[in-house]
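A.B. asks: Give me the fold of what follows.
(chains A, B, C and D, ligands or ions: 8)
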Protein chains: 4
Amino acid sequence: MRLLFLGDVVGRSGRDALVRELPGLRAKLALDLVVVNGENASHGFGLAPDMARAFLAAGADVITLGNHAWDRREIIPYLEEERRVIRPINFPPGTPGQGAVVVEVPGNRRALVVNVMGRLFMDPLDDPFRAVQAELAKHKLGQTIQAAIIDVHAEATSEKQAFGHSFDGLVSLVVGTHTHVPTADHQILPGGTAYQTDAGMCGDYDSVIGMGKGGASLRFWRKMPGERLAPAEGEATLCGLFVETQDATGLARRAEPLRMGGRLSPIIPAA
Amino acid sequence: MRLLFLGDVVGRSGRDALVRELPGLRAKLALDLVVVNGENASHGFGLAPDMARAFLAAGADVITLGNHAWDRREIIPYLEEERRVIRPINFPPGTPGQGAVVVEVPGNRRALVVNVMGRLFMDPLDDPFRAVQAELAKHKLGQTIQAAIIDVHAEATSEKQAFGHSFDGLVSLVVGTHTHVPTADHQILPGGTAYQTDAGMCGDYDSVIGMGKGGASLRFWRKMPGERLAPAEGEATLCGLFVETQDATGLARRAEPLRMGGRLSPIIPAA
Amino acid sequence: MRLLFLGDVVGRSGRDALVRELPGLRAKLALDLVVVNGENASHGFGLAPDMARAFLAAGADVITLGNHAWDRREIIPYLEEERRVIRPINFPPGTPGQGAVVVEVPGNRRALVVNVMGRLFMDPLDDPFRAVQAELAKHKLGQTIQAAIIDVHAEATSEKQAFGHSFDGLVSLVVGTHTHVPTADHQILPGGTAYQTDAGMCGDYDSVIGMGKGGASLRFWRKMPGERLAPAEGEATLCGLFVETQDATGLARRAEPLRMGGRLSPIIPAA
Amino acid sequence: MRLLFLGDVVGRSGRDALVRELPGLRAKLALDLVVVNGENASHGFGLAPDMARAFLAAGADVITLGNHAWDRREIIPYLEEERRVIRPINFPPGTPGQGAVVVEVPGNRRALVVNVMGRLFMDPLDDPFRAVQAELAKHKLGQTIQAAIIDVHAEATSEKQAFGHSFDGLVSLVVGTHTHVPTADHQILPGGTAYQTDAGMCGDYDSVIGMGKGGASLRFWRKMPGERLAPAEGEATLCGLFVETQDATGLARRAEPLRMGGRLSPIIPAA
Ligand SMILES: [Fe+2]
Ligand SMILES: [Fe+2]
Ligand SMILES: [Fe+2]
Ligand SMILES: [Fe+2]
Ligand SMILES: [Fe+2]
Ligand SMILES: [Fe+2]
Ligand SMILES: [Fe+2]
Ligand SMILES: [Fe+2]
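C.D. replies: Ligands and ions are numbered 1, 2, ... in the order given. You can find the predicted model right below:
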């Protein structure tokens, strides 16, 4: 299976780049599955249903979220009707929406996508490791599902790496989101799981994690609330990870970064 | 000026790779200045004076530290005698050692290196932004110094990016350390300052931030102290950033990542 | 000098109790000086100028603030015109308002009041210990000022106790605010400084730190934003500390809690 | 049922006071049940089995722990053999020991004691609210058990108060520990549950949370590790809460603080 994971889409700049480029990428890389983190699509805070629809129409198969999941309240009823948009699985029981979804992939294949949130330097949700373990127990990689992708929305590199190793050999891909900066540590772990600590955001990299650099920098100098932050408006870099898996095992044989447009050094996997 | 910054050296694996490869890199890349973060050299915790000596002998010009600065207490008297080893500048007055140093560079040039620690998700030291601003006020880039390098030892990508933008045009390089994962966002900011959110560690990337992956992962599953962690012992990847500056302005004209050895995708700047 | 310190006034319930009871308390206890923390007066978030005026009119001499200082933006210009309302002193230079004030006390006496914010589990402001030390260096207790009161707005008991001991013998009173619960550890430290870890709030104690208990409790069960919190509306308990000092030394000879009205066990210092 | 809860015993000073005074208190107050938090008994860090034995011999029925539960490793096998020593219930499955115990009380009665740890500003354990809810579902207050005591070992007043309200009417007592300072907000909540935000420590109150004040204060001034902290050695104040419940309902009809010895203002419930 050929899959692409794209990190947190931030604001209009990120949305525009995604919707413009995804159809072409999908064709060029012969993608079977595209997963996009959309938690910052709406002015940096949350995801509106119409944005989700636009991402799905442009070629996303699944949209994941994170700590900004609830910033746009309209998402709550939408999560019940659109199962391809998922929120972190380790919210407590009773939380709207789902934390995992199995989608059909051409060729009579199925892929599991799980969204989970870390706890180090973040809000204390349920145990993310046991939550993923419990979800995986419902499936059989290489049999009931041909691929499994875990979006670990977390701050600390240590927690994300512990996630990668804990599920190495059990899933196709463990990829981080939330820090809004792509890491250069893409690799296939010893057990066969593709891994990258953070996919990076799809947004303007002349910014502070996608938001206007002037106001966002000032917040570190002054310690009082300033103007409301707005996303930076320069051209976005799409950032993510391309992974090719073997259907029989669900494990990875290629893991290559994608960076396209905007300010970052470009790299596009060979078709 | 041609300079190389290498991120946190972790344990024996990192030390061995550094000492083995640095002389060759120095020659091959015609480096004028090498700065290495050494806070995790000693089994992951601190820097012993003999390790510092070995790094300097191998071609490091300046060694920076971080939150692990004091883990090896022998460093305290050593910091007084060896000014090329610096600790974060924003420790309170009275703290041993210095947070900045100016070193001579061949060609009658001088370079300022500053080490500073972030506060987001870290210990509350003095304001890192004002501390660096105060240090920079003592120098004149392009005149009294030909280059200025800031090692921002910090957890949060937002704080590091705010640092980059706050000092863009005022220094040659703002580079992050501490997360132990290289980021792929190396760039020259609009004002001419080279920037990368994290240089990445010099250590084994089949690990949890350089420490043995089994024990370190277990700490996220169990919530009680386990065995003492030890550094992973696989081959290290040297990770860092190569920057070429203009002496007249002190600003950057090239900024390229270096990853060498071990598990990460290799990249070495063209000579 | 006979002084009363009252902790964080929360919402209408707290404001009403304060304005209603303070004149009587002032007379009954023959108070020379009253200091009130007002950071939560406005629906739990901030202090509006008209509320400050009402507190001053009712008998407060100085109003302190805390992390909620800026929640009502109208306070910013007001802080410039009304010096008796102070915000934490360890905000960075350039922050509106002042962190300390000296007020005249009947009998040709003067009292210094300082507001300072802790950093443990809070936003990283400037070093609170050095900030207070610097302010105290401008005065001479028992000579230029007859009393000195420090409101340490902080979360952790350890930081507040360290404050007490660090300034024991140098000020009349170190009293904590911010946790909204009165502590029962009022005492005169060995050096002569009155101390209580937290003054407690002036608000409804059938609540979660003054806010409606239903919604506020739900936030711990559900991990998504709920309804906007509103202050609890039951009768407030006024909570604080009465201290009697010797003018010649500025040190304390009595330190007794005050709890009046509402649900908490009542205690009023003997006149 | 007449019960006494005593907060965190710190070091030799706390241990000595407890063992010396508890037999007399037990007799004088005609106590049916005594619960003591012992997490800091061993030089401030953990509880050694021989100390637990001494507390039980002196009249404690149950000993609770907290974040320092594992500081003395010998406690691990001991927790398996001595069920009256419990650790927070919301450690992940597989953690040694138990988080709750039912003990026999004279008069053919039974009491449930639960130890649970908060998450705000603490390590992210499992959800403390759901963990307690699940434990309570096994019992029927007033029928299978005549009393239920919850020791909420937590930092934030908000989380502890939310605990009190969430279980008001469902248990006899919700009492906090961990901050090492007694609060003055003892009350019976509207539903009949006795509540106090923190019981306070049994230790020397001329200290920083029970540890030597010089060294502990210095840690806030200097930001580097200093000498190893040791408990303060002055006379301890025993701090806790006396509660009288109705066996038929398990709810409280009296809740009064106890402070005895040392520096704090003394108060002992009337027999
Ligand atoms: Fe996020
Ligand atoms: Fe994000
Ligand atoms: Fe570090
Ligand atoms: Fe490090
Ligand atoms: Fe407050
Ligand atoms: Fe506050
Ligand atoms: Fe404790
Ligand atoms: Fe504790």
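
A.B. asks: did I read that right, A:Pro269 in a strand?
C.D. replies: No: the assignment for A:Pro269 by DSSP: H, G, I helix; E, B strand; the rest coil gives coil, which leaves it out of any strand.

A.B. asks: surely it meets A:Met260?
C.D. replies: No: in this structure A:Pro269 lies outside contact range of A:Met260 using C-beta atoms under 8 Å: 10.5 Å. C-betas here are computed from N, CA, C, even on glycine.

A.B. asks: residues shared between the contacts of the two?
C.D. replies: By C-beta atoms under 8 Å, 6 or more residues apart in numbering or on different chains, A:Pro269 and A:Met260 have no common neighbours.

A.B. asks: residues in contact with A:Leu4?
C.D. replies: A:25-26, A:29, A:31, A:33-35, A:240-243, A:258.

A.B. asks: And it, how far from ligand 6?
C.D. replies: A:Leu4 is 46 Å from ligand 6, where distance means C-beta to the ion, to the nearest Å.

A.B. asks: hang on, that residue is in a strand, isn't it?
C.D. replies: Yes: assessed with three-state DSSP, A:Leu4 lies in a strand.

A.B. asks: Roughly how far does it sit from A:Val114?
C.D. replies: Distance, A:Leu4 to A:Val114, by C-beta to C-beta, to the nearest Å: 17 Å.

A.B. asks: same question, A:Arg73
C.D. replies: Between A:Arg73 and A:Val114 the distance is 24 Å, computed by C-beta to C-beta.

A.B. asks: out of these two, which sits in the busier spot?
C.D. replies: When A:Arg73 and A:Val114 are compared for neighbours, A:Val114 comes out ahead with 28 against 11, by other C-beta atoms under 10 Å in any protein chain shown.

A.B. asks: Would you confirm that that one contacts A:Gly99?
C.D. replies: Yes: contact status for A:Val114 versus A:Gly99: in contact at 6.5 Å, counting by C-beta under 8 Å.

A.B. asks: Give me the common contacts of these two.
C.D. replies: Joint contacts of A:Val114 and A:Gly99 (C-beta under 8 Å, 6+ apart) are A:86, A:89, A:135.

A.B. asks: sorry, back to before: between the contacts of A:Leu4, which is nearest chain D?
C.D. replies: The nearest member of those to chain D, counting by C-beta to the nearest C-beta, is A:Val35 at 26.0 Å.

A.B. asks: Doesn't that closest one lie inside a helix?
C.D. replies: No: the assignment for A:Val35 by three-state DSSP gives strand, which leaves it out of any helix.

A.B. asks: wait, doesn't it sit right on A:Met1?
C.D. replies: No: in this structure, A:Val35 is not within contact of A:Met1 by C-beta under 8 Å, at 11.8 Å.

A.B. asks: neighbour count winner among these two?
C.D. replies: When neighbours are counted by other C-beta under 10 Å, A:Val35 comes out ahead of the other of A:Val35 and A:Met1, with 27 against 22.

A.B. asks: ok, now which ones touch the residue nearest the centre of chain A?
C.D. replies: Centre of chain A computed as the mean C-alpha position; nearest residue by C-alpha atoms, centre = their mean is A:Asn37, 3.5 Å away. Applying C-beta under 8 Å, 6+ apart to A:Asn37 gives the contacts A:6-9, A:63-66, A:151, A:153, A:177, A:199.

A.B. asks: Need the pLDDT of A:Pro225.
C.D. replies: pLDDT for A:Pro225: 81.

A.B. asks: What is the neighbour count of it?
C.D. replies: 10.

A.B. asks: quick one: which helix or strand includes A:Tyr195?
C.D. replies: Using DSSP states H and E, the element containing A:Tyr195 is strand A:194-196.

A.B. asks: Do that strand and chain B come into contact?
C.D. replies: No: Strand A:194-196 lies apart from chain B when judged by C-beta under 8 Å from any C-beta of the partner chain; the minimum separation is 9.4 Å.

A.B. asks: Tell me the gap between whatever helix or strand comes next after that strand and the middle of its chain.
C.D. replies: Using DSSP H and E, the helix or strand that follows strand A:194-196 in sequence is helix A:213-221. Its chain's average C-alpha position is 26 Å from that of helix A:213-221, according to C-alpha atoms, centre = their mean, to the nearest Å.

A.B. asks: is chain B contacted by helix A:213-221?
C.D. replies: Yes: using C-beta under 8 Å from any C-beta, helix A:213-221 reaches chain B at A:213-214, A:216-217, A:219-221.

A.B. asks: just to revisit the earlier point, next, format the contacts of A:Leu4 as a markdown table and append pLDDT, secondary structure and distance to ligand 6.
C.D. replies: Formatted as a markdown table, the contacts of A:Leu4 follow (pLDDT from 0 to 100; DSSP: H, G, I helix; E, B strand; the rest coil; distance: C-beta to the ion, whole Å):
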| residue | pLDDT | secondary structure | distance to ligand 6 |
| --- | --- | --- | --- |
| A:Leu25 | 98 | helix | 49 |
| A:Arg26 | 98 | helix | 51 |
| A:Leu29 | 98 | coil | 52 |
| A:Leu31 | 98 | coil | 50 |
| A:Leu33 | 98 | strand | 48 |
| A:Val34 | 98 | strand | 45 |
| A:Val35 | 98 | strand | 41 |
| A:Gly240 | 98 | strand | 41 |
| A:Leu241 | 98 | strand | 42 |
| A:Phe242 | 98 | strand | 48 |
| A:Val243 | 98 | strand | 47 |
| A:Leu258 | 98 | strand | 45 |
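
A.B. asks: From the residues you listed, pick the one nearest B:Leu79.
C.D. replies: Nearest to B:Leu79 among these: A:Leu241, at 41.3 Å, using C-beta to C-beta.

A.B. asks: Setting the sequence-adjacent residues aside, check what's closest to A:Leu136.
C.D. replies: Excluding its sequence neighbours, the residue lying closest to A:Leu136 (C-beta to C-beta, 6 or more residues apart in numbering or on different chains) is A:Leu170, at 6.0 Å.

A.B. asks: Would you check that the one you found makes contact with A:Gly142?
C.D. replies: No: A:Leu170 is beyond contact range of A:Gly142, at 10.7 Å (criterion: C-beta under 8 Å).

A.B. asks: got the contact list for A:Glu135?
C.D. replies: A:89, A:99-100, A:112, A:114.

A.B. asks: and which of these is nearest to D:Gly46?
C.D. replies: Nearest to D:Gly46 among the contacts of A:Glu135: A:Ile89, at 34.8 Å, using C-beta to C-beta.

A.B. asks: I figured the closest one hits A:Leu112, correct?
C.D. replies: No: assessed by C-beta under 8 Å, A:Ile89 is found out of contact with A:Leu112, at 11.2 Å.

A.B. asks: can you list residues touching both of those two?
C.D. replies: A:100, A:135.

A.B. asks: thinking again about what came up before, could you flag which of the residues of helix A:213-221 next to chain B are buried?
C.D. replies: Neighbour counting with 16 or more other C-beta atoms under 10 Å in any protein chain shown marks A:213, A:216-217, A:219-220 as buried within those.

A.B. asks: Can you give the distance from the strand or helix carrying A:Ala131 to the centre of its chain?
C.D. replies: For A:Ala131, the host element (DSSP H and E) is helix A:128-136. Counting by C-alpha atoms, centre = their mean, helix A:128-136 is centred 17 Å from the centre of its parent chain.

A.B. asks: Bridging across strands, which residues link to A:Leu112?
C.D. replies: Per DSSP bridges, the residues bridged to A:Leu112 are A:Val102, A:Ala148.
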